[in-house]
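Enquirer: model this:
(one chain, ligands or ions: 1)
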Amino acid sequence: MRRRSSRGSSPEQVVYGSPLTHIPCVQLGGDGDRSNVEDRRGLVTGGRLGIGGILLLGVLSIVFRQNFFALVGDDGATTQAQGPQADERRQAEAPLEKVAVATFNDAQKVWARQIRAWRDAKLVLFWDQVQSGCGGAGAEMGPFYCPGDQRVYIDLGFYRELSRRFGAPGDFAQAYVIAHEVGHHLQNLLGISDKVQRAMQQEPGRRNALSVRLELQADCFAGAWGHSAARRQLLDPGDVEEGLAAAAAVGDDRLQQASGRRVSPESFTHGSAQDRTRWFRTGLESGSLDACDTFAQ
Ligand SMILES: [Zn+2]
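Expert: Numbering: from 1, shown residues only. So this is what the prediction gives:
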């Protein structure tokens, strides 16, 4: 992997706050920088609506008891949903948003110091449905990274799922989710994603196995970021356990079990709970991208 050693002072020596006071993860680089955030929550695009758009607006209008059709101008402009329901939803998400944005910014800062030709990704916040450079997506798919437009997409409602359905609460669990997606951006910039894509085309039979290795590496990269955060004393006691629990909760075997399906390792695309925690831990303990070669074995 092409890497650049950090210039001058090591990023690990930077301390954002006094280690003597309680520093929750939400304060990670929490300087309120939103330059890489695209808030598309409640965004309604005007102009010609397809049937999907009409249905979506209809559903939104029912759910929020507000006429969203009224927001659609005929000049093709986009409008942000307003009104008490939208405000309430935004307010309810504010703590989750803070963790997501702070982690996103911090992880990018850490990698920017180590990777030549680093370019920041953008974080897109959305509700329910989104159009990405990789096509349309629904919130039920969970957060994802699109290499085509170098954006991480998240409906913050996923964090409630993570806590309630998957039993992985806590701000570091939330941070892990974002750090994993930033890990995919790192893979993209390092040319790993392209290489894997080509290998998948050459050997379609290994598609799932290659996907698992790519995902486990993103977990390892997330762990390596966690290592940096820990060295800067940004983590609370219990944070590491939260992250490990989250990595396990989104293991393919757990997800298959939770949805009442038979556990079939050959269909795994992200890795088992055990593998995901193992690689997250590898990154966390080593702090080194080189330790994250999930393709070597
Ligand atoms: Zn992933």
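Enquirer: Quick check: residues of the protein near the ion?
Expert: Counting by Cβ under 5 Å from the ion, the chain comes close to the ion at Glu215, Ala218. For glycine as for every other residue, the C-beta is placed from the backbone atoms N, C-alpha and C.
Enquirer: How about the secondary structure of the residue nearest the centre of the chain?
Expert: The chain has Ile178 as the residue nearest its centroid, 3.1 Å off, counting by Cα atoms, centre = their mean. Three-state assignment for Ile178 (DSSP: H, G, I helix; E, B strand; the rest coil): helix.
Enquirer: From what I see, Gly136 and Gln129 are in contact.
Expert: Yes - counting by Cβ atoms under 8 Å, Gly136 does reach Gln129; the two are 6.8 Å apart.
Enquirer: Only the buried residues of stretch 165-180, if you could.
Expert: Across stretch 165-180, burial judged by 16 or more other Cβ atoms under 10 Å covers 166, 168-180.
Enquirer: and of those residues, the nearest to Arg90?
Expert: Of all the buried residues of stretch 165-180, Arg90 sits closest to Gln174, with 17.1 Å by Cβ to Cβ.
Enquirer: List the residues that contact the closest one.
Expert: Listed by Cβ atoms under 8 Å, 6 or more residues apart in numbering, the contact partners of Gln174 are Leu96, Val99, Ala100, Thr103, Tyr159, Leu162, Ala246.
Enquirer: where do the strands sit along the chain?
Expert: Remark: strands assigned in the chain by DSSP state E are 37-39, 43-45, 78-80, 122-125, 129-132, 135-138, 144-146, 151-154.
Enquirer: hey, which of these is tucked in deepest?
Expert: Each of the strands of the chain was scored by mean neighbour count; the highest is strand 151-154, a mean of 24, by mean count of other Cβ atoms under 10 Å.
Enquirer: What residue spans form the domains of the chain?
Expert: By the record's domain assignment, the chain is partitioned as 22-42+81-292, 43-80 (automatic domain parsing).
Enquirer: from those, which stretch is densest packed?
Expert: Comparing the domains of the chain by mean neighbour count (mean count of other Cβ under 10 Å), domain 22-42+81-292 comes out on top with a mean of 19.
Enquirer: any idea how far that domain is from the chain center?
Expert: How far domain 22-42+81-292 lies from its chain's middle: 3 Å, per Cα atoms, centre = their mean, to the nearest Å.
Enquirer: so where's the protein uncertain?
Expert: 1-30, 44-79, 81, 297 (pLDDT under 70).
Enquirer: what's the closest residue in space to Arg40 that isn't next to it in sequence in contact with, if anything?
Expert: Distance criterion Cβ to Cβ, 6 or more residues apart in numbering; nearest residue to Arg40, sequence neighbours excluded, is Phe126 at 4.7 Å. Neighbouring residues of Phe126 by Cβ under 8 Å, 6+ apart: Arg40, Arg41, Leu43, Ala139, Tyr153, Ile154, Asp155.
Enquirer: List phi and psi for Phe126.
Expert: Backbone geometry at Phe126, expressed as degrees, to the nearest 10, gives phi -140, psi 170.
Enquirer: Kindly export stretch 139-147 (C-alpha atoms) in PDB.
Expert: The C-alpha coordinates for stretch 139-147 follow below in PDB (Å, rounded to 0.1, in the frame of the first residue of the first chain):
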ATOM      1  CA  ALA A 139     -32.500   3.600   4.500                       C
ATOM      2  CA  GLU A 140     -33.100  -0.100   5.100                       C
ATOM      3  CA  MET A 141     -29.900  -0.900   3.300                       C
ATOM      4  CA  GLY A 142     -27.900   0.800   6.000                       C
ATOM      5  CA  PRO A 143     -25.100   3.300   5.600                       C
ATOM      6  CA  PHE A 144     -22.900   2.900   2.500                       C
ATOM      7  CA  TYR A 145     -20.000   4.400   0.600                       C
ATOM      8  CA  CYS A 146     -20.300   5.100  -3.100                       C
ATOM      9  CA  PRO A 147     -16.900   5.100  -4.800                       C
END
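Enquirer: quick one: contacts of that stretch?
Expert: 121, 126-129, 132-134, 137, 151-155, 157-158, 161, 177-178, 181-182, 184-185, 188, 193, 250.
Enquirer: and what of stretch 258-268?
Expert: Residues outside stretch 258-268 that contact it (Cβ under 8 Å, 6+ apart) are Arg165, Phe166, Asn208, Val212, Asp252, Asp253, Gln256, Gln257, Ser272.
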